[in-house]
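> Structure for this input, please:
(chains A and B)
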Amino acid sequence: MAANTIDMKVFTELQAAAGADFVKELVETFLEEVPVMLETLRTALAAGDANGFRRSAHSLKTNGLTFGAVALGAQARELELTGLEQLGAGAAAAIDRLQQSCEQAAVDLRELCHE
Amino acid sequence: MNERGAARVLLIEDNRVNRLLLARHVGQLGYVVDAVENGLQALEHLRRGSCDLLLLDIEMPEMDGYQLLEQLRLDPNLRDLPVIVTSGLDGVANVVRCIELGAEDYLSKPVNPVLLKARLTASLEKKRLRDELREMVRRFATSEVAQDLETSGFALGGHHVGGTVLFCDIRGFTSLVESQPPEETIELLNTYYTLMFDAISGHGGVVNQMIGDGLMAIFGAPNPLPGHQNCAVQAAIDMVDMVAQFSLEQQAAGRPAIRIGIGIASGEMVAGYTGTQARATYTCIGDTVNLAARMEAHTKQARRTILIDAATRAELDQDCATESLGPVQFKGKSAPVEVFAVVCEAGQLD
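Residues are numbered from 1 along each chain as shown, chains lettered A, B, ... in the order given. Down below sits the predicted model:
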């Protein structure tokens, strides 16, 4: 059944263009990369590395939008555009929320790949 | 294009998912894909191998897309490579910045495969036409002149340069033409020119004009050439050696041998484009050019293969032997001119 965090139009178009088997592999790669990107966000936050923070949020945004993970994409975009300095004390909580969205999207993407 | 005719696309993208997906899309279109992870790796790759088009991300570590675009612009060998930027950056300002830095097109991520196909096809077609045009220019002008046109643009007019001019032609060419079928003459001329071009360009000279069996070469223009006098004489010696070798092959095949005469003069001349706005040629004019032509004509009377003027001789390497033939009064010259013959093994006419 269609997952509620994924825009099905985007996902099925991706499958049609690149092939369902390829998309399955791509999802696996994405799910391997998500913890790395979240970790990079946290490291950048701890180090005050605004560029690293923006780049990592940017990567999560484009990857999320590629699979139709709209909420994930929107949250990552928010982090990218707001920037580390402006987020201030709220940055850690924002990363936690993004992580939750990533986890929900991961469940839905796995389900879609095995339908 | 590679041997099989498929264009080669270099994908520059630090994100694994984006890299895999774009490589998939581009590969599905029948192009050969190479992938690197940042601008620095891209520069290294481009200086090592060939590529027809770049698909470039902007946000990357080490060297980002903007920095790479700047580097490409500074490199004459890379600045014409078409670049399509693929980025998820928001805002028109980013697109404008990429275009201003020389990117040909901009695609937003996630990249739409249909748009990607259209942009790739259009950019590669434009590149093919540009390459064809450049190839055509190089067929009718020297690569140095083509490069000069590309960097400085075209303008009628000239400037003073110091250089050496070499004239060469085939002795007894008219009777040679009459003694064999035209096809054989064309074949002979093609071989002759191939050998002469090799010798001249091998010493930094540029063949500027070809008229029948005669040619004019310049050493020191459009690009300055240190020791242009010596370069021209060394080229002349190679030309004589090559023609001697070619003549042996001709004779072995039952065809007539050929001999050449070469005249060389050095000094100041005016180099530039002459003609009209619609049709022009790069050439050098002035007393030095006239003198080199007179020297070449004089090889027949002097019965020497290579004749040079005093200005050329003054700058020759010590191990290059010359023989003074004394002053000669040339047509159009107010005073007699000192003429020297270059002594080389195949250089004496019977």
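> for the chain, what spans make up the helices?
Defaulting to chain A. Using DSSP state H, the helices of chain A run over residues A:8-18, A:20-47, A:50-67, A:70-87, A:91-113.
> right idea, wrong chain: chain B
Using DSSP H, the helices of chain B run over B:16-28, B:39-48, B:65-74, B:92-100, B:113-140, B:143-152, B:173-179, B:182-202, B:228-252, B:287-302, B:310-313.
> Relative to the whole chain's centre, how far out is the first one?
If you compare the mean C-alpha spot of helix B:16-28 with that of the full chain, they lie 38 Å apart, counting by CA atoms, centre = their mean, to the nearest Å.
> Could you give the bridge partners of the closest residue to residue B:310 other than its chain neighbours?
What sits nearest to residue B:310 in space, not counting adjacent residues and going by CB to CB, 6 or more residues apart in numbering or on different chains, is residue B:338, at 4.5 Å. C-beta here means a position set from N, CA and C on the backbone, and glycine is covered the same way. On DSSP bridges, the residues paired with residue B:338 through beta bridges are residue B:327.
> Next, the buried residues of stretch B:190-203.
The neighbour-count check on stretch B:190-203 (16 or more other CB atoms under 10 Å in any protein chain shown) flags B:192, B:195-197, B:199-201, B:203 as buried.
> Quick check: mean pLDDT of it?
Computed over stretch B:190-203, the mean pLDDT rounds to 90.
> Touching it from outside, list them.
For stretch B:190-203, the external contacting residues (CB atoms under 8 Å, 6 or more residues apart in numbering or on different chains) are B:166, B:168, B:170, B:206-207, B:210, B:213, B:215, B:217, B:219, B:231-232, B:234-236, B:238-239, B:242-243, B:246, B:258.
> Which of these are buried, as a PyMOL select command?
To isolate the buried subset of the contacts of stretch B:190-203 in PyMOL, counting by 16+ other CB under 10 Å, use the following:
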select buried, chain B and resi 166+168+170+206+207+213+215+217+219+231+232+234+235+236+238+239+242+243+246+258
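> check contacts around residue A:61.
A:73, A:76-77, A:80, B:88.
> Likewise for residue A:110?
Contact analysis of residue A:110 by CB under 8 Å, 6+ apart lists A:27, A:31.
> again, but for residue B:162
Neighbouring residues of residue B:162 by CB under 8 Å, 6+ apart: B:220, B:228, B:266-269.
> Is it bridged to anything, and to what?
Judged by DSSP bridges, the bridge partners of residue B:162 are residue B:268.
> Can you give me the pLDDT of it?
On the pLDDT scale, residue B:162 is placed at 92.
> Tell me who's in contact with residue 73.
With no chain named, the answer covers chain A. Going by CB under 8 Å, 6+ apart, residue A:73 touches A:60-62, A:64-65.
> Can you look at chain B instead?
By CB under 8 Å, 6+ apart, the contact list for residue B:73 reads B:79, B:101-102.
> any idea which of those residues is closest to residue B:314?
Proximity of the contacts of residue B:73 to residue B:314 (CB to CB) peaks at residue B:79, which lies at 41.0 Å.
> Please verify my assumption that the closest one contacts residue B:102.
Yes - at 7.1 Å, residue B:79 and residue B:102 qualify as touching, with contact defined as CB atoms under 8 Å.
> any residues in contact with both of those two?
Here residue B:79 and residue B:102 have B:72-73 as joint contacts, going by CB under 8 Å, 6+ apart.
> mind checking how far residue A:8 is from residue A:108?
Per CB to CB, to the nearest Å, residue A:8 is found 10 Å from residue A:108.
> For the residue in chain A that chain B sits nearest to, the count of nearby residues, please.
Residue of chain A nearest chain B, by CB to the nearest CB: residue A:62 (3.8 Å). Per other CB atoms under 10 Å in any protein chain shown, the neighbour tally for residue A:62 reads 25.
> ok, and the closest non-adjacent residue to it?
residue B:88 (3.8 Å).
> pLDDT score assigned to residue B:85?
95.
> whoops, residue A:92 was the one
92.
> quick one: it from residue B:201, how far?
Counting by CB to CB - residue A:92 and residue B:201 are separated by 67 Å.
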